[in-house]
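Enquirer: how would this look folded up:
(4 chains)
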Number of protein chains: 4
Amino acid sequence: MEKKIKLGIIGAGRIGRLHAENIVKNFVDVEVTSIADIYADSINEWAQDLGIKNVYTDYKNILKDHEIDAVMVCSSTNTHSIISIEAAQAGKHIFCEKPIDLDLSKIQSVLDSVEKAGVKFQVGFNRRFDHNFRTVRKIVEEGKVGDVHIVKVTSRDPQPPSLDYVKVSGGMFLDMTIHDFDMARYLTGSEVVEVYANAAVLVDPAIGEAGDIDTAIITLKFANGAIGVIDNSRKASYGYDQRVEVFGSKGCVTVSNDTPSSAVLSTEDGVYSEKPLYFFLERYKDSFITEMQEFFGSIRNDKQPSVSAIDGLKDAMVALAALKSVKEGRPVKLE
Amino acid sequence: MEKKIKLGIIGAGRIGRLHAENIVKNFVDVEVTSIADIYADSINEWAQDLGIKNVYTDYKNILKDHEIDAVMVCSSTNTHSIISIEAAQAGKHIFCEKPIDLDLSKIQSVLDSVEKAGVKFQVGFNRRFDHNFRTVRKIVEEGKVGDVHIVKVTSRDPQPPSLDYVKVSGGMFLDMTIHDFDMARYLTGSEVVEVYANAAVLVDPAIGEAGDIDTAIITLKFANGAIGVIDNSRKASYGYDQRVEVFGSKGCVTVSNDTPSSAVLSTEDGVYSEKPLYFFLERYKDSFITEMQEFFGSIRNDKQPSVSAIDGLKDAMVALAALKSVKEGRPVKLE
Amino acid sequence: MEKKIKLGIIGAGRIGRLHAENIVKNFVDVEVTSIADIYADSINEWAQDLGIKNVYTDYKNILKDHEIDAVMVCSSTNTHSIISIEAAQAGKHIFCEKPIDLDLSKIQSVLDSVEKAGVKFQVGFNRRFDHNFRTVRKIVEEGKVGDVHIVKVTSRDPQPPSLDYVKVSGGMFLDMTIHDFDMARYLTGSEVVEVYANAAVLVDPAIGEAGDIDTAIITLKFANGAIGVIDNSRKASYGYDQRVEVFGSKGCVTVSNDTPSSAVLSTEDGVYSEKPLYFFLERYKDSFITEMQEFFGSIRNDKQPSVSAIDGLKDAMVALAALKSVKEGRPVKLE
Amino acid sequence: MEKKIKLGIIGAGRIGRLHAENIVKNFVDVEVTSIADIYADSINEWAQDLGIKNVYTDYKNILKDHEIDAVMVCSSTNTHSIISIEAAQAGKHIFCEKPIDLDLSKIQSVLDSVEKAGVKFQVGFNRRFDHNFRTVRKIVEEGKVGDVHIVKVTSRDPQPPSLDYVKVSGGMFLDMTIHDFDMARYLTGSEVVEVYANAAVLVDPAIGEAGDIDTAIITLKFANGAIGVIDNSRKASYGYDQRVEVFGSKGCVTVSNDTPSSAVLSTEDGVYSEKPLYFFLERYKDSFITEMQEFFGSIRNDKQPSVSAIDGLKDAMVALAALKSVKEGRPVKLE
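Expert: Predicted coordinates:
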C-alpha cells in the first residue's frame, strides 16, 4: 500500500465528527492523526474509540505538525477563512466547509493564499457528489437535454434553525441558498450573470424581526443564455425537499426526493408513501463520503478538486447579489 | 324535461367545432340551433351531420334570433370583445374564448355591457375545470396545505405556433402564459400585485425577430403574501408539460402530467414510460366539457359562472405587466 | 354519409343503458331505433330523451324488425345464449355481454348458430379495449418484451356483490375471473393448457356458505410455454385494483391503476395520493366506447371482431377448469 | 467501552470478505481477529490491510482459539452444517450463510447442536433486514393491512449463475427461491402448509439439461389461511427485480425496486428512468450490515436472533416441497 495521507481535523462539531467517522471507516489509505476543538475535553473518548491519537484545544498544533498532509476546516464559519489561510501557509491541503466566508475579500484572500502555496483546496459543496444530482449533471454533460434553457432548484428545510443561529448565519441566502446557487451553476455549467430575488417572511415573524427572510423565489440569468429559478423555504412540514430539473432543447431531466423506503400503503383512506429522508445528514449521507474521495483523490493524483475556492467565491457573489436584489427590489447584475 | 337552452356558436374554427361537438354529444338539454362562420360553406356538411339547423356567414343572424338564449364566441381574438358587447346588448348569455381582448379598456367595455345587460358571461379558462387542477384547488381550499406560501406553474407547449400566428397573438404572455396567470390566481385564490419576468428567445430566433419571446420564468407576488413562479417554453421536445405545485405552512400538493397509458417497459436499455398527452386538445379534452357544464348550469340556476369577465380582465392585466417587466427589466406593480 | 347502422338493444339494466347512451353520444353513423326490457315502463322517459323511438317489453319485436341490422344482448346472463341464437337466426349482427353462458354446450350452440348465419358476433370483454391493456398488448406484439415467460394479472373488486347475486353468478371464476382469463389469453396471445387454483374464503364467510369463494391465486400454463398467475379478491378496501405485468426474454411491461387525478399531497403525516378509480364503470368508461367502435367497424368493413364467441368459449373453459381444480385440489389440464 | 466481541470468519470468498469489511468498518465493538480459507495465501495482504491478525488455512484453528466468541460460516454450502456443529460444540456463537444445508436431517443436527451448546445461531437471510421489506413487515405487524389475505413476492436475477454452479446449487428453489420462501414467511408471520410449483425452462435449455429449472410461479397456503405466490426468473434483462406485496382485509402494501438515482429523462423518444440496482451486492448492501447488528446485538444482550436455525429448516422444507411438487405435478402439503 502507498503511504497513508495524514489528516488533521479542525473543529469537532456535528460536521467535523461526521467527516472523522466517515474517513476512519471508509478510507484505509488515510489516517486521521489529530483533531482540534475548543471543547477538546468533551471529545476525548469519542476520538480514542475512533483511533485518533492527538486531541488538541488549539488548532495551531495541527498546522505545525510536519507529519500532517491535509486539514479539514470544520470550525465555525467566521474562522474558515483565517484558518484556511494559515493552513495554506503551513503547506497543508485544505478541505473547507461552506461558506468560506461571508465577506468576498476574505474569500479572495483564501484563494490567493491557496494559489501561492500550491496546495489543493476543496470547499464542502457536498451536494455536487450526491447520486441524484451527479446523474443529472452527467445527463446534461452528455447533451441529452440539448442546450440548457431552464434550470430549477427546489430546496426546502424541514425546520428553521434557531434564532441564535439565524442572527450569525449571514442570512438565508449565504447560509442555505448558497448550496442552491452552487447547484444551479454546477448543473448548467455556466456562471450567473443576473439575479432577482422575491423574498418573504412567511414561516416565522421572529425570523423577519431578526433581519432575515424564510421563503424565497430567486430567478437567475446565466452567461450561456439559460434562465433559472430556485425556490426556498425554511420549513417544509413534510421534511427536507431537494429536487432539481434541467430543461433544454432536446429534453428535460428531473430528480425527486429520496425516501427511507419505497413502501406504498393503500387503504380505504388513500394511498400513502414515505416522506423524504429527514434532513441533510440522512439525505446526503453518501455524498459526504464521495466528496472525501474527490479530496483525497486530488491529493494523491495531484490534480485540482472539481469544486474549489473559486466556486466558493462565485456562489457567495451570487448570494450577496440576491441579498442586494431583495433590499433594492430589482434585478442585480453580477460583475 | 325542462325547456332546452338554445345555443348559437360564432366561429367554427378548431375550438368552435370542438365545443359544438361536445355540446351535441353531452348535453341533452341544450340545442345548438345555429352556427356562424365567415367560411360557412366549408362547414355545411359537418353542421348537418351534427343536427345544427342554421349555418350563417354573418353572426348577426344569431344575435337577432329571439329563440337563442346563449352564444359561444369562438371567432378570432380581435373580434371577441365587439361580438361579446353586441351579444350582451342582444340579451344573450355569453361564453367567450380567451383572451377577451389584448386591450384592457375593451375588456372593461365587455364587463360593463355584460353587467348592464344582466347576462351571464364566462371566459374560456378551461384549465380551471381540469381534473388535476380542480383537485389541487380543492385541497388548497380545504386548508390541507395551510396558508399558501409558494405556487409554481410549469407550462410548456410541444411546438411553437406558426410565425404568422405569433405576429398577431399579442405575444406569449397574452397568448399562452395568460392561462398560467389564471391558474396561479385560481390556485392561490388571491390577486397578483407584482410581476417580474425573466424572458428569453432560446427556441427559435425567428420568434425573437417577430418581436416575441419563447422561454420565460415569471415571478409573482400575491395580495395574500404568497409568492409564485411560472416557467414557460414554446417547445418541450417531449410534449405538452402541464404541472403545478402549491406549497404552504402545512404541506405541499403537486400534480404531474397525464399520459396515454400507465405502461412502463423495463429492458436492458432502461425503464421507459409514456410521454405526456400531446397537446391541449388531448390533455384538456374533458375540461372543455366540464366548463360547458358550468356555463349551462349558471344559466339554468341563474348564478354567476365561477370564471367571469373580471378574471379575463385581471389575467390580461398580469400579462401586460409581465410584458412591461421584460421591456423595463424590473418588477412591475399592478394597480 | 353512409347509411346508418340500425341497432336494437335487448336489456336496459345498468350495462344496457350505458351502451345506449355511449352509442347515441358517440356514433353519428349508428341509430338506436329500439330497446326492449321486461320493465319497459320504467325506461320510457329515459329512452325518449335519448331519441330511441321504440320501447318494447318483448325483445322478439326487435328480432323481427327487418330494418334492424344489429342487436346488443344486455339481458340477464341466463338469457344470453338463447337470445343470441335467435338473433343469429334472424340475421342480426350480435354484441353479447359476457359470459355468453355458464354451460359450454350452450356457448358452442351460439358459436354454431353465428357461423351458420354468417353474422358478426362480439362478446363484451371490454378490458381488451382499455388504454392500458391495449398498450401492453401492443408492446408484447411488437416483441419489446421478447418471448413471453410470465404473465401476471391482479384483479380485485372494491366490494363483493350481494349474496343474491353470488348465488346466481356461476361463482367468482365465471363471473369475475373470466375477465382475467381473457386478459391473460389476450396479453400472451396463447391458449391456456393447464390451470391450478388456490382459492379461499377470506372476505366474508357468507360467501363461502353460499358455495362460492372470494379470494384466489390461479396459476396457468400456456400453449407457448409461458406461465401465468392471476390474483383475485372480492374486496380491496382501497378500491378497484386492476394491474397486469408481462415478463419476457427481453423485458417486462407493467401497468398500474388509473386514479381520478395525479395529485400528491405531502404533509407532516406522510405523502398521500389518490385511490384507484372506484369500479368498472369509472375505470373502464372509455373501453365501453372503444369496444363499440370495434363492433360497428367490423359490421361496416365486413370483418370478424377481434374478440368473438370462440373467446367467450375458451375463457369459460378455463373458468370451469379452475373450478374443478379447487374442487379436486390439483392442477387441471384443458383438452 | 465494553469488551470487544472477538470474531473469526470461516471462508473468505465474496460473501466472507464482504462481511469482514463491513464489520471492520462499522462495528467498533467487534474485532475480527482471525480468518480461515483454504486459499489463505491469496488473502494475506487484504487481511493485513483490514487489520486482521491471523490468517489460517484450517478453520479448526479458529474453533480452538479460546479468545474467539463467535464465528461467521461463509464457506461453501456443503460445509455449512458440519462447521456449524463443530463451532457449536466449541461454544462459539454462529452466523451461518444460507442455506444451512440441502439435507433436512443435517439442518436438524445443527439445530440440536446449537440448542445443546446454548449458543446463538443466526442464518444469513439478509433480506429480512432490508429497508423496504422491514418497512413492509412493520406495516403488516402494526395491523395496517388487517388480516393478511395474499402475499406476493417477485424475485428475478439479472443473470443465471454458471452451469457449474447450477449443478452443485441444489436447484433454483434451494439456491434462489429459498430467500423468497423466507420472505413470504417473514412478511405473513405464518408458516407454509402447502406448496404448488409451476416451473419451466425458458431462459436457457442448458439449465434444463443440467436438471434444473429457470422460471417458476409457486403458490403457497399458510397456516393462518392466507395464500401467496412467488414468481422467479433466473434472467431479467433489466436487472435485479425484487418486489413484494401484502394484501389484507384493510389494505395493501407494496415496495418497488431501488435504483441508482431518481433521475427521469423526458425526450422526444419517451420518458426514461433508471434500471434497478444491479444485483444483490448493490441492492442489499445495507442489509448485510444490519443483519450483523442483529447478530452482535443478540450476543451482547443474550437474546435469540430474530432469524434462526429453525427458519433455515422451515425454508428448506418449503423448497424441498416445491421441488417435489414440480416432480409430481401436484400441490404438496408440509407436515
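
Enquirer: What is the neighbour count of A:Ser261?
Expert: When neighbours are counted by other Cβ atoms under 10 Å in any protein chain shown, A:Ser261 registers 19. All C-beta spots, glycine's among them, are computed from the backbone N, C-alpha and C.

Enquirer: try A:Lys303
Expert: A:Lys303 has 10 nearby residues by other Cβ under 10 Å.

Enquirer: What of A:Glu294?
Expert: Neighbours of A:Glu294 (other Cβ under 10 Å): 17.

Enquirer: Show me which positions of the helix or strand that contains A:Ala316 end up buried.
Expert: For A:Ala316, the host element (DSSP states H and E) is helix A:309-328. Within helix A:309-328, the residues scored as buried using 16 or more other Cβ atoms under 10 Å in any protein chain shown are A:309, A:311-323, A:325-326.

Enquirer: does A:Phe222 have beta-bridge partners, and which?
Expert: With DSSP bridges applied, A:Phe222 shows beta-bridge pairing to A:Val192.

Enquirer: What pLDDT is listed against it?
Expert: At A:Phe222, the model reports a pLDDT of 98.

Enquirer: what does A:Phe129 give?
Expert: Looking at A:Phe129, its pLDDT reads 98.

Enquirer: hang on, the earlier thing: which other helices and strands does the helix holding A:Ala316 contact?
Expert: helix A:104-117, strand A:121-123, helix A:178-188, strand A:192-200, strand A:215-222, strand A:332-333 (3 or more Cβ pairs under 8 Å, 6 or more residues apart in numbering or on different chains; DSSP states H and E).

Enquirer: So which of the ones you listed is nearest D:Glu141?
Expert: helix A:178-188 (38.6 Å; Cβ to Cβ).

Enquirer: Name the residues that touch the helix holding A:Ala316?
Expert: With contacts defined as Cβ atoms under 8 Å, 6 or more residues apart in numbering or on different chains, helix A:309-328 is touched by A:96, A:98-102, A:104, A:107-108, A:110-111, A:114, A:121, A:123, A:125, A:171, A:173-174, A:177-178, A:181-182, A:185, A:191-192, A:195-197, A:199, A:213, A:216, A:218, A:220, A:331-334.

Enquirer: could you check the angle strand A:215-222 makes with that helix?
Expert: Orientation of helix A:309-328 against strand A:215-222 (axes from the mean of the first three to the mean of the last three Cα atoms, to 10 degrees) gives an angle of 120 degrees.

Enquirer: now could you export just the CA positions of helix A:309-328 as PDB?
Expert: This file holds the C-alpha atoms of helix A:309-328, laid out as PDB (Å, rounded to 0.1, in the frame of the first residue of the first chain):
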ATOM      1  CA  ALA A 309     -12.200  28.100  -3.700                       C
ATOM      2  CA  ILE A 310     -13.300  29.900  -6.900                       C
ATOM      3  CA  ASP A 311     -16.700  28.100  -6.600                       C
ATOM      4  CA  GLY A 312     -16.900  29.300  -3.000                       C
ATOM      5  CA  LEU A 313     -16.300  32.800  -4.200                       C
ATOM      6  CA  LYS A 314     -18.700  32.700  -7.100                       C
ATOM      7  CA  ASP A 315     -21.500  31.200  -5.000                       C
ATOM      8  CA  ALA A 316     -21.000  33.900  -2.400                       C
ATOM      9  CA  MET A 317     -21.100  36.600  -5.000                       C
ATOM     10  CA  VAL A 318     -24.500  35.300  -6.200                       C
ATOM     11  CA  ALA A 319     -25.800  35.100  -2.700                       C
ATOM     12  CA  LEU A 320     -24.700  38.700  -2.000                       C
ATOM     13  CA  ALA A 321     -26.300  39.900  -5.200                       C
ATOM     14  CA  ALA A 322     -29.600  38.100  -4.200                       C
ATOM     15  CA  LEU A 323     -29.500  39.900  -0.900                       C
ATOM     16  CA  LYS A 324     -29.000  43.200  -2.700                       C
ATOM     17  CA  SER A 325     -31.800  42.400  -5.000                       C
ATOM     18  CA  VAL A 326     -34.200  42.000  -2.100                       C
ATOM     19  CA  LYS A 327     -33.000  45.200  -0.500                       C
ATOM     20  CA  GLU A 328     -33.400  47.200  -3.700                       C
END
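
Enquirer: Rounded mean pLDDT for it, please.
Expert: Mean pLDDT, helix A:309-328: 96.

Enquirer: chain center to that helix, what's the gap?
Expert: Remark: helix A:309-328 is offset 15 Å from the chain centroid, using Cα atoms, centre = their mean, to the nearest Å.

Enquirer: got a list of what A:Leu174 touches?
Expert: Contacts of A:Leu174 by Cβ under 8 Å, 6+ apart are A:99, A:102, A:316, A:319-320, A:323.

Enquirer: any idea how far the residue of chain A most remote from its centre lies from D:Gly146?
Expert: Seen from the C-alpha centroid of chain A, the residue lying at the greatest distance (Cα atoms, centre = their mean) is A:Glu268, 42.5 Å away. Using Cβ to Cβ, to the nearest Å, A:Glu268 is found at 10 Å from D:Gly146.

Enquirer: Could you identify which of the helices and strands packed on helix A:309-328 is most buried?
Expert: Of all the helices and strands packed on helix A:309-328, strand A:121-123 has the most neighbours on average by mean count of other Cβ atoms under 10 Å in any protein chain shown, namely a mean of 28.

Enquirer: quick one: the next helix or strand after it near chain B?
Expert: Downstream of strand A:121-123, the first helix or strand assigned by DSSP H and E is helix A:131-141. No: Helix A:131-141 does not reach chain B (Cβ under 8 Å from any Cβ of the partner chain); its nearest approach is 11.9 Å.

Enquirer: Quick check: next helix or strand after helix A:131-141?
Expert: strand A:148-156.

Enquirer: Point out the residues in the stretch 1-150 of chain A that sit beside chain D.
Expert: A:1, A:25-26, A:28, A:49-50, A:131-132, A:134-136, A:139, A:144-145.

Enquirer: which among the residues you listed gets closest to A:Val166?
Expert: Closest approach to A:Val166 among the residues of the stretch 1-150 of chain A next to chain D (Cβ to Cβ): A:Asn132, at 28.3 Å.

Enquirer: Report the contact partners of the closest one.
Expert: A:Asn132 neighbours (Cβ under 8 Å, 6+ apart): A:244, A:255, A:258, D:261-263.

Enquirer: How about the closest residue to it other than its chain neighbours: which residues does it bridge to?
Expert: Among residues not flanking A:Asn132 along the chain, A:Val255 sits closest, at 4.0 Å (Cβ to Cβ, 6 or more residues apart in numbering or on different chains). For A:Val255, the beta-bridge partners are A:Val244 (DSSP bridges).

Enquirer: so what's the residue nearest the centre of chain A scoring on pLDDT?
Expert: Nearest to the mean C-alpha position of chain A, counting by Cα atoms, centre = their mean, stands A:Phe125 at 3.0 Å. Note on A:Phe125: pLDDT of 96.

Enquirer: how near is it to chain C?
Expert: Separation of A:Phe125 from chain C (Cβ to the nearest Cβ, to the nearest Å): 26 Å.

Enquirer: now swap in A:Arg127 and tell me
Expert: For A:Arg127, the distance to chain C - Cβ to the nearest Cβ - is 21 Å.

Enquirer: just A:Ala70 next, same as before
Expert: Distance from A:Ala70 to chain C, by Cβ to the nearest Cβ: 41 Å.

Enquirer: One more: A:Asp311?
Expert: 32 Å.

Enquirer: before we move on, what about A:Lys333?
Expert: 36 Å.

Enquirer: for that residue, what are its contacts?
Expert: A:193-194, A:321.

Enquirer: before we move on, back to that, just the angle for the helix holding A:Ala316 relative to strand A:192-200, thanks.
Expert: Using the same axes, to 10 degrees: helix A:309-328 against strand A:192-200 is 50 degrees.

Enquirer: hmm, back to that, shared neighbours, A:Glu268 and D:Gly146?
Expert: With Cβ under 8 Å, 6+ apart, A:Glu268 and D:Gly146 have common neighbours C:237, D:250-251.

Enquirer: A:Val192 is in contact with A:Asp182, isn't it?
Expert: No: with contact defined as Cβ atoms under 8 Å, A:Val192 does not reach A:Asp182; the gap is 10.4 Å.
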